[in-house]
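Peer 1: pasted the sequence and its predicted model underneath.
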Amino acid sequence: MAFPQVESVAPASPAELAGVEVGDEILALNGSVLRDVIDYHLLADEAVVALELGRRGTTIEVVVEKHAGEPLGIAVSSAIFDRVTTCDNHCAFCFIYQLPKGMRRSLYVKDDDYRLSFLYGNFTTLTRFTELDLERVVTERLSPLYVSIHATDPEVRAQLLRNRRGATSLRWLARLLDEGIEVHGQVVVCPGVNDGAVLEGTMAGILERYPTLASVGVVPLGVSRFSREATMRAHSSDEVATVLDTVAAWQERCLAALGRRLVFAADEYYLLGRRPFPAAAAYEGFPQHENGIGMARAFAEAFAAGAGRSSRRAGGFFRSVDGAPALGYRAPRAAGPGGGASGGVGSGAHERPVTILTGAYGLQVLRPLLDAAGHGDVETVAVANTFFGGNIGVTGLLTSVDLADALARVPAERRVLIPEVCLSNGRFLDGAVPGDLPRAVEFVPEDGASLRRALVGVRVARDPVETAGTAR
């Protein structure tokens, strides 16, 4: 077990006044050895906090007195201090199996840890969940949690997870719901495996057995060029249409039975099917916004109004272990570095022409919004994801390699905006930092209001002209 290390101490905070230093190891807090940042926050909220610290080979004791609930003022080194519960499933669709070799070690960690589900919105299959885990979740009210369902048919689920416990682990989902824990579910649809009649059965099973789920997201399979699974493939256009029709039909059934839609299709399905996004009200508060469900509609609404819901992801894929913030529940990850060659919004002169680099799906969302707002002179470039290849078109999986290639094609006099979702704790997935890019760019938080602010002062065309381009 690794002890949490103090990474920073807030100036004039109770911890600084008590003598806590950067680099100290927290050996115990109020007599308890900390398992994770959840323990830390619960115990650090008390009025009197007794810290046992390891400092340069010695052990010292520090007592901090403060108001109950007042922040201690310490940022710790990670979210999990004992050991991340790793995943023992072998899902053919798992994206971690589809990564190239040579990336950062942390990216290959498969977690199935309910604590990371609570902290960062990671989806857990519950195949390694235990009675002790249930007791802690219920006692400490660790809610909401996020659970991968994929299929309610036990045999199909075990086949999908390649784990016999997959057939029975949804019993924990029922227990969590019975205890009043808010749970959001997910179904990754693999063509020919859990679509069609199986998906219909899953929707029926959810409505019958788990009607108190807060929401269920239906998302398409992502396949990179590194996948070795012959049965895993992208959806055909007919399959996309069938999934959308299935979700729409079950939304109507859920509305009739529960008074809410419960089930929602990912934005990717609407983009792939060339169908309009549902109205904002149809997302019922955007419960799976961070899972790419309703994000495009929320972006459009915020862009039009100049304010609204932020798309900043709290966690999720690649963020639970590497780059996830240790301080605070669902705290947004750190943005890219400001200033310098790759500064934040506003580092360039607004009168310069603008180019936005985005993913293939991002282009489909952005271009109509820009044209409708009279920003026909703003160029949008869909950056091809050659790093991962396959059917990967989401902006958040773009790497510095493909962005650099696209930048080489953009004239030097243009401002270049890149969605901040490409960064996790200031790094791209391939390990590069913004300063490694060949020229200055501006990173824009991935919500519509931020983009609108970034475009303030950009000339509005009288007759918007399509200027969309492609990187390749």
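Peer 2: Yes, it's here. Numbers count the residues shown, from 1 in each chain.
Peer 1: tell me where this protein has helices.
Peer 2: 14-18, 37-44, 114-120, 131-140, 154-161, 170-178, 196-209, 237-258, 267-272, 295-305, 360-372, 400-407, 448-454 (DSSP state H).
Peer 1: which of these sits most buried?
Peer 2: Ranked by mean neighbour count, those are led by helix 114-120 with a mean of 25 (mean count of other CB atoms under 10 Å). No exception for glycine: its C-beta is placed from N, CA and C like everyone else's.
Peer 1: restricting to C-alpha, output that helix in PDB.
Peer 2: C-alpha atoms of helix 114-120 as PDB (Å, rounded to 0.1, in the frame of the first residue of the first chain):
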ATOM      1  CA  TYR A 114     -16.500   1.400  -7.700                       C
ATOM      2  CA  ARG A 115     -14.600   4.200  -6.100                       C
ATOM      3  CA  LEU A 116     -13.400   5.500  -9.400                       C
ATOM      4  CA  SER A 117     -16.900   5.100 -10.600                       C
ATOM      5  CA  PHE A 118     -18.100   7.400  -7.800                       C
ATOM      6  CA  LEU A 119     -15.200   9.900  -8.100                       C
ATOM      7  CA  TYR A 120     -14.800  10.200 -11.900                       C
END
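Peer 1: quick one: average pLDDT of that helix?
Peer 2: Averaged across helix 114-120, the pLDDT comes to 94.
Peer 1: just how off-centre is that helix within its chain?
Peer 2: Averaged C-alpha coordinates place helix 114-120 at 12 Å from its chain's average position (CA atoms, centre = their mean, to the nearest Å).
Peer 1: tell me what it is packed against?
Peer 2: helix 37-44, helix 131-140, strand 145-148 (3 or more CB pairs under 8 Å, 6 or more residues apart in numbering; DSSP states H and E).
Peer 1: next, format the helices of the chain as TSV and append distance to Arg414.
Peer 2: Output for these, formatted as TSV (distance: least, CB to CB, whole Å):
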stretch	distance to Arg414
helix 14-18	45
helix 37-44	42
helix 114-120	36
helix 131-140	50
helix 154-161	46
helix 170-178	50
helix 196-209	45
helix 237-258	35
helix 267-272	26
helix 295-305	21
helix 360-372	15
helix 400-407	10
helix 448-454	14
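Peer 1: between these, which one is nearest to Phe428?
Peer 2: helix 400-407 (4.4 Å; CB to CB).
Peer 1: can you put the helices and strands packed on helix 114-120 in TSV and add mean pLDDT and distance to Leu271?
Peer 2: Compiled in TSV, the helices and strands packed on helix 114-120 are given as follows (pLDDT from 0 to 100; distance: least, CB to CB, whole Å):
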stretch	mean pLDDT	distance to Leu271
helix 37-44	93	36
helix 131-140	97	35
strand 145-148	97	23
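Peer 1: out of the helices of the chain, nearest to His90?
Peer 2: helix 154-161 (7.4 Å).
Peer 1: what's in contact with that closest one?
Peer 2: Helix 154-161 has contacts (CB atoms under 8 Å, 6 or more residues apart in numbering) with 89-93, 125, 127, 149-151, 164-168, 170, 190, 193-194, 198.
Peer 1: pull out the buried residues from these.
Peer 2: The neighbour-count test (16 or more other CB atoms under 10 Å) marks 89, 91-93, 125, 127, 149-151, 165-167, 170, 190, 193-194, 198 as buried among these.
Peer 1: hmm, back to that, now render the helices and strands packed on helix 114-120 as JSON lines, adding distance to Phe303.
Peer 2: JSON lines is the format used below for the helices and strands packed on helix 114-120 (distance: least, CB to CB, whole Å):
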{"stretch": "helix 37-44", "distance to Phe303": "34"}
{"stretch": "helix 131-140", "distance to Phe303": "38"}
{"stretch": "strand 145-148", "distance to Phe303": "27"}
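Peer 1: tell me which of the ones you listed sits nearest to Gln98.
Peer 2: Using CB to CB, the nearest of those to Gln98 is strand 145-148, at 16.6 Å.
Peer 1: tell me how far the closest residue to Leu369 other than its chain neighbours lies from Phe118.
Peer 2: Leaving out its chain neighbours, the residue that sits closest to Leu369 by CB to CB, 6 or more residues apart in numbering is Phe303, at 5.3 Å. Here Phe303 is placed at a distance of 31 Å from Phe118 (CB to CB, to the nearest Å).
Peer 1: next: Glu52.
Peer 2: Glu52 sits 26 Å away from Phe118, going by CB to CB.
Peer 1: again with Asp436
Peer 2: Taken as CB to CB, the span from Asp436 to Phe118 is 34 Å.
Peer 1: run a quick neighbour tally on Ala50.
Peer 2: Residue neighbour count, defined by other CB atoms under 10 Å, stands at 15 for Ala50.
Peer 1: ok, it touching Ser32?
Peer 2: No: counting by CB atoms under 8 Å, Ala50 sits too far from Ser32 to count as a contact (9.9 Å).
Peer 1: show me the domain layout of the chain.
Peer 2: Split into domains by automatic domain parsing, the chain comes to 6-76, 95-293, 340-470.
Peer 1: centre of the chain to the edge, which residue is at the far end?
Peer 2: Residue farthest from the centre of the chain, counting by CA atoms, centre = their mean, is Thr58 at 39.8 Å.
Peer 1: what pairs with that residue across the strands?
Peer 2: Arg55 (DSSP bridges).
Peer 1: just to revisit the earlier point, out of the domains of the chain, the one nearest Phe299 is which?
Peer 2: Closest among those, using CB to CB: domain 340-470, at 4.3 Å.
Peer 1: ramachandran angles for Val441?
Peer 2: Main-chain dihedrals, Val441, degrees, to the nearest 10: phi -140, psi 170.
Peer 1: output the below-cut-off pLDDT ranges for this protein.
Peer 2: 1, 307-350, 457-472 (pLDDT under 70).
Peer 1: Asp82: which of the domains of the chain is closest?
Peer 2: domain 6-76 (4.7 Å).
Peer 1: quick check: end-to-end length of the closest one?
Peer 2: 5 Å (CA to CA, to the nearest Å).
Peer 1: out of the domains of the chain, flag the one nearest Thr85.
Peer 2: Using CB to CB, the domains of the chain put domain 95-293 closest to Thr85, at 3.9 Å.
Peer 1: now the closest one: how far from the chain's centre is it?
Peer 2: Counting by CA atoms, centre = their mean, domain 95-293 is centred 14 Å from the centre of its parent chain.
Peer 1: could you do stretch 446-460 as well?
Peer 2: Taking mean C-alpha positions (CA atoms, centre = their mean), stretch 446-460 and its chain are 23 Å apart.
Peer 1: tell me the contacts of Phe118?
Peer 2: Ile38, Val137, Leu142, Ser143, Pro144, Leu145, Tyr329.
Peer 1: nope, Val6 is what I was after
Peer 2: Counted by CB under 8 Å, 6+ apart, Val6 has contacts Ala15, Val20, Glu21, Val22, Gly23, Asp24, Glu25, Ile26, Ile74, Ala75, Val76, Ser77.
Peer 1: how about those residues in a markdown table, adding distance to Ala406?
Peer 2: A markdown table is the format used below for these (distance: CB to CB, whole Å):
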| residue | distance to Ala406 |
| --- | --- |
| Ala15 | 45 |
| Val20 | 46 |
| Glu21 | 45 |
| Val22 | 39 |
| Gly23 | 41 |
| Asp24 | 44 |
| Glu25 | 44 |
| Ile26 | 44 |
| Ile74 | 41 |
| Ala75 | 35 |
| Val76 | 38 |
| Ser77 | 35 |
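Peer 1: highest neighbour count among those residues?
Peer 2: Ile74 (27 neighbours).
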